[in-house]
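Colleague: Fold the following.
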Amino acid sequence: MSKKGRVLVAMSGGIDSTVTAMMLHEQGYEVVGITMKTWDYASSGSSKKETGCCSLDSINDAREVAVNMGFPHFIIDIREEFGDYVIDNFVDEYIAGRTPNPCVLCNTHIKWSALLKRADAMDCEFIATGHYAKVSEHKGRKFVQKSKDIGKDQSYVLWGLSQECLERSRFPLGPYTKPEVRQMAADFGYEALSKKAESYEICFVPDNDYRGFLDRRVPTLAAEVAGGDFIDISGNVLGQHRGYPYFTIGQRKGLGKAFGKPMYVTEIRPDSNTVVLGDVDNLIRNGMMVGGVNLMKYKTLPESFQATTTVRYNDPGTLSVLKQFRADSVEVEFLANVRGVAPGQSAVFYDGDDVIGGGIIKTSILSSRDN
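Modeller: Below you'll find the model as predicted:
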């Protein structure tokens, strides 16, 4: 066994995970590649050509690199557990009037669990992925840090990882930018890989049409929710809509009706099949309640702790005061107004570049503070 240890590398066939495996191999780790089959496009009902992390081409690309570099590669099928947990939650959240973040759920409950299970079976001390992030330590606790490439930083989707996961996780791309990673691929002799396009879709919604996916997954949904009301913030009926699950907080386009001025979805009320519309300033929130909290850097938060809170991917964040009520519940008071706080999305708390922790937005709060 290598003196540096044996590492199980999640290889999707894309440039980031492939360069991760090549880097660790060159650094002297004993690399074992693994590709997880989470979904097949035939099941999605989409007409889009199969691409991305679950396609046959991507699996073959990952295997080819492993063969060329002389380390073993395995394919594991986790479609059943992925579908039961991630996809069912995705559908359930929209039906509950919330906006889910399936990538966070998959990382926390599916991918890392599957990787650790296989790592133990293969005597691998570590697991590694191509995420743009870093792992650091504070007083014996592991936590995620932002990557060098802020534009590609993926710390937002890693807030749910446990201390056990972080202890064994390696993110080799954290100190590099995307152009540097592309150059590394070319330097390794993989010119085509260095120019490979990236996929930003949710893997099981390849056409980016989540509404179509809901209809295919729940064929009776459209009929069950048809005919709900659009109302304004005063309760006046503005017209009818196709059903509340087909809308998200902050949405302006695709409302299916013209109102003579820009209107935004400010609230979704599933019990009455009502969608509240307002001006852009009606999206302002001064705080929120966050549940399912996982703390990384600290075991508990100091009283009235200040942090930068992000409410969506690539959100620069807002200075906030955090008040922890229970181990898994935090109230957030924004020190500046924030637009588009969507229940179901992830809230992630930062201390500079350090991830303090994160959770799921449960409710947003509008106080009497002047806007």
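Colleague: which outside residues touch the strand or helix carrying Pro179?
Modeller: Counting by DSSP states H and E, the element that carries Pro179 is helix 178-187. Outside helix 178-187, the residues that touch it by C-beta atoms under 8 Å, 6 or more residues apart in numbering are 15-16, 18-19, 22-23, 132, 149, 151-152, 173, 176, 191, 193-195. C-betas here are computed from N, CA, C, even on glycine.
Colleague: And those, which is closest to Ile365?
Modeller: Gly151 (30.6 Å; C-beta to C-beta).
Colleague: Distance-wise, check the nearest residue to that closest one once chain neighbours are set aside relative to Lys196.
Modeller: Leaving aside its chain neighbours, Gly151 sits nearest to Lys178 (7.5 Å; criterion: C-beta to C-beta, 6 or more residues apart in numbering). Lys178 sits 12 Å away from Lys196, taking C-beta to C-beta, to the nearest Å as the criterion.
Colleague: Repeat that for Val91.
Modeller: 31 Å.
Colleague: Then Tyr246?
Modeller: 33 Å.
Colleague: Which residue of these two possesses the greater neighbour count?
Modeller: Taking other C-beta atoms under 10 Å, Tyr246 and Lys196 do not tie; Tyr246 has more neighbours (22 against 17).
Colleague: what's the more buried one in contact with, if anything?
Modeller: 211, 214, 225.
Colleague: ditto for Asp351
Modeller: 297, 307-308.
Colleague: ok, now Met263?
Modeller: Met263 is in contact with 238, 252, 255, 277-279, counting by C-beta under 8 Å, 6+ apart.
Colleague: So which elements touch the lengthiest helix in the chain?
Modeller: Using DSSP state H to define each element, the chain has its longest helix at helix 56-69. Where contact means 3 or more C-beta pairs under 8 Å, 6 or more residues apart in numbering; DSSP states H and E, helix 56-69 is packed against helix 15-26, strand 30-37, strand 73-77.
Colleague: Relative to Val293, which of the ones you listed is closest?
Modeller: strand 30-37 (27.0 Å).
Colleague: Remind me what the closest one packs against, helices and strands.
Modeller: With contacts taken as 3+ C-beta pairs under 8 Å, 6+ apart, strand 30-37 sits against strand 6-10, helix 15-26, helix 56-69, strand 73-77, helix 112-121.
Colleague: if we can go back for a sec, lowest-confidence one in the contacts of helix 178-187?
Modeller: For the contacts of helix 178-187, the model is least confident at Leu193; its pLDDT is 83.
Colleague: count of residues packed around that residue?
Modeller: Quick note: Leu193 (other C-beta under 10 Å) scores 21 neighbours.
Colleague: mind checking which helix or strand it is in?
Modeller: Here Leu193 is assigned to helix 191-194, by DSSP H and E.
Colleague: what comes up buried for that helix?
Modeller: By 16 or more other C-beta atoms under 10 Å, the buried positions in helix 191-194 come out as 193-194.
Colleague: by contact count, what packs against that helix?
Modeller: Applying 3+ C-beta pairs under 8 Å, 6+ apart, one finds that helix 191-194 contacts helix 15-26, helix 178-187.
Colleague: Compare those helices and give me the one nearest Asp123.
Modeller: helix 15-26 (16.1 Å).
Colleague: now that closest one and helix 178-187, what's the angle there?
Modeller: With axes from the mean of the first three to the mean of the last three C-alpha atoms, to 10 degrees applied, the angle from helix 15-26 to helix 178-187 works out at 60 degrees.
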